[in-house]
Structure formats: C-alpha cells, structure tokens
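>>> Sequence first, predicted coordinates after that:
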Amino acid sequence: MKSLLKYAMVVENHKPYIAMLFIQFVYAGMALFSKAAIAKGMNPCVFVVYRQAFATVALAPFAFFLESKQSSLSYSVLIKIFLVSLCGLTLSLNLYYVAINYTTATFAAATTNTIPVLTFIIAVCLRMESISIRQLPGMAKVFGSVISLSGALVFAFVKGPPIGFMNWYPETQKQTSNFIVKSYSTGEWIKGSLIMISANTAWSLWLVLQGRIVKQYPAKIRLTALQCFFSCIQSTFWAIAAERNPSAWKLGWDVHLLSVAYCGVIVTGITYWLQVWTIEKKGPVFTAIFTPLALVITAIFSAFLWKETLHWGSVGGVVLLVGGLYSVLWGKKREDGKRVGNEQDADTNQEEIVLECITHH
C-alpha cells in the first residue's frame, strides 16, 4: 500500500512531464496518420474540411456548457474571428496538407520546430516582441532564429548519404510500404518544402493574431470552436473549387476516417487544452522545449512502419534547427526572468502564453 501511494505521489509530481510526453506522441501520430491518409488518395482540401468538422463537433458541447455565460460576442469581434480563421487555420492547414503530399511525415514534424522562431520574428516585425542585439539574450534570439531557419533549409534541400544502420529491412519488405513512402522528384520536394514553410509562416501569423483576439474575447474554448467552425466553412468552399469529384468526399471505415477523427478530436480538442494546462503549470518555454521530441518519435515510427530512409544531410539540418530553437528559447527565458516583478509587463507575459499555446498544426 505504501509503495502504491509513493508511486502515486511520483506521478502527481511529474504530471506536466507526463502530459508533454503524451502531447508529443499525439503530434507525432498526427503527422503519421495525415501522411497515410493523403498518400492513400484522400484529397488534402477535403481532409481539412472533415478535420475541422470533427473539431467543431468535439469542442461545441464544452464551449456551450462551460463558457456559455462568459464574454458577449459583438459583430466586430465575430468578423475579426472569421478573418483570423481564414488567414490562419484555413490557409495554414490547407497548405500543410498539400505540402505533406510532396514530402514526408518526418519533414513535416521537423519544420514544425520553426513555428516558435517564425512566431518570434513576426512578433518583432509587428512590434509585439522587444529585442536588443546589444545584450546576450537578444543576440541569442537573433542567432537562434537564423540558425533554425537555416536548419530547415538544410533539411529540405541537402540530402547526403542515407543512414546505413537504419536500412535493416529487406528490399521486398520495403516495397510493401511504397504507397506511403515513395521517391519524390527534385521539383516535387522543393515545391512541398516551400509550401510547408509557407504553412508554418501562416500558422505563426495566426498565433500572433490570436493574442490580440483573446484580449477582446477571453472565452478560449468558444473562441477555438468558432474558429474551427469558420475554418470548416471556408475550407468547404476551397475544397469544392479544388475537387469536383463527389466520390472524393466519401468516408469509409478506413485510415481516412481514423485520420480526420484523430486530428479533429484528439489533436484539436484534447491535446490543445492539455497543453494549455501544462503552460499554466510550467510556463510556455517548458512546453516548447519538448517540441523536438515529436520529430524524434515521428522519425522512428516512419523508419519502422513505412521503411522511410533518413539521410545524414537531414540529420545535420535537424541539429541546426533544434539548436536554433533552444537558443531562441534560452534568450526568451533570460529576458522573461528579468521582467519578473515588473507590473507593467504583466499583459505582455500573458500574451506570450497565448502565442505559444499551439505549436503544431
């Protein structure tokens, strides 16, 4: 009995760590399931419609019962939410799933690590984030941003020799997974890489704009549900224009249904709020530190399940990307430490928490 209580106390004390491990596994599963569904023929635009529909249905009951008496919604705020959903969720997700059709799940997970860096750059451009290159934390943030983006480009365009010790499977077994992992032409890979970086940029812009919207409408569950609903409607028009074949909209009891339900319910619903809880317990930098773990999990499962070949050039890109990310996070941590106790920065600190709530698509 004592050992059981001791074990329960250990779990209680390490809840944020357990939560972040679970979150990174979920995000890795998102990249893997998404790639599998689209590689098996599902239209990327149709995928976004169903994902947002599942997310809306999953969030609606919580938004109605938990936040029904909170902030009133004016027409001006509603229009802002609609526009933010268009330039953020709709644009970013559609670009993301188009890009993943020309790249791999590992590449998608790797470039996700650029989102905190891109968010920082956009926030600086919009004067929502301060930076001083004369101080060490400011230099670390600038240096880390350059290194991280350089790492993403290296991962995308520098292959190098394959990693030999990961090619343990026979050639006949490799052919069984060709429907997911295939050879891409140089043009397709470059196209997918540029679209993926554009998707991450749009997502980062959405995170920045999200900070201002939350100040006007602090009911976070209702805000997320509304944005998913608007994004579903917007993506429907986008998908109808891109896909005229009615059979492309059919969902069966297969990987297509599993993928959209997983991304809509688990990723958008459960994981988002679990990450918000972790941020409230440990802060935004703590959650961002775990971001590269999803890349490692995705790479391992892709290699085991789909026989994806990794290259040394990609490993070099990951090292630069993750190193740059941690440099930016270190700079932010040092600067935030200096602001503790300064009352005039309270609003800024609150906004930074919002900006780093969702670091994945």
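Nice, thanks for sending it over.

>>> ok, and what's touching the one helix or strand Cys232 maps to?
Assigned by DSSP states H and E, Cys232 belongs to helix 220-242. For helix 220-242, contacts defined as Cβ atoms under 8 Å, 6 or more residues apart in numbering pick out 43, 45-46, 48-49, 52-53, 55-56, 59-60, 62-63, 66-67, 70, 73, 78, 81-82, 84-86, 88-90, 93-94, 213-214, 217, 268, 272-273, 276. C-beta coordinates here come from the backbone N, C-alpha and C atoms, glycine included.

>>> ok, and the closest non-adjacent residue to Met196?
Nearest non-adjacent residue to Met196, counting by Cβ to Cβ, 6 or more residues apart in numbering: Ala99, 3.8 Å away.

>>> My error: substitute Met30 in the last question.
Val267 (5.0 Å).

>>> cool, Val117 as well?
Closest residue to Val117 apart from its sequence neighbours, by Cβ to Cβ, 6+ apart: Ser148 at 4.4 Å.

>>> Give me the pLDDT for Gly191.
To be clear, residue 191 is Lys; Gly isn't right here. At Lys191, the model reports a pLDDT of 91.

>>> For it, pull up the helix or strand it's in.
helix 186-216.

>>> coming back round to it: what separation do you get for the residue nearest to Val117 and Tyr102?
Going from Ser148 to Tyr102 by Cβ to Cβ, to the nearest Å gives 22 Å.

>>> Tell me which of those two has more neighbours.
Ser148 (25 against 20; other Cβ atoms under 10 Å).

>>> quick one: contacts for the more buried one?
Asn113, Thr114, Val117, Leu320, Leu321, Gly323, Gly324, Leu325, Ser327, Val328.

>>> SS state for it?
Local secondary structure at Ser148 is given as helix here, using DSSP: H, G, I helix; E, B strand; the rest coil.

>>> From Thr287, how far off is it?
17 Å.

>>> do the same with Phe157
Counting by Cβ to Cβ - Phe157 and Thr287 are separated by 30 Å.

>>> Kindly tell me how buried Met20 is, as a neighbour count.
21.

>>> quick one: low-confidence ranges for the chain?
1-13, 68-71, 164-184, 283-285, 336, 338-361 (pLDDT under 70).

>>> what about Phe157 and Thr287, which has more around it?
Thr287 (24 against 13).

>>> For the more buried one, what are phi and psi?
phi -70, psi -40 (degrees, to the nearest 10).

>>> correct me, but it touches Val276?
No - checked against Cβ atoms under 8 Å, the pair Thr287 and Val276 is beyond contact range at 9.2 Å.

>>> Looking at the contacts of Ser148, which is nearest Ala140?
Closest approach to Ala140 among these (Cβ to Cβ): Ser327, at 4.9 Å.

>>> Hmm, Phe107 and Tyr96 touching each other?
No - Tyr96 is not in contact with Phe107 according to Cβ under 8 Å; the separation is 11.5 Å.

>>> Need the residues touching each of these two.
Met196.

>>> So what's the residue count around Leu207?
For Leu207, using other Cβ under 10 Å, the count is 22.

>>> One more: Pro16?
The number of residues packed near Pro16 is 18, by other Cβ under 10 Å.
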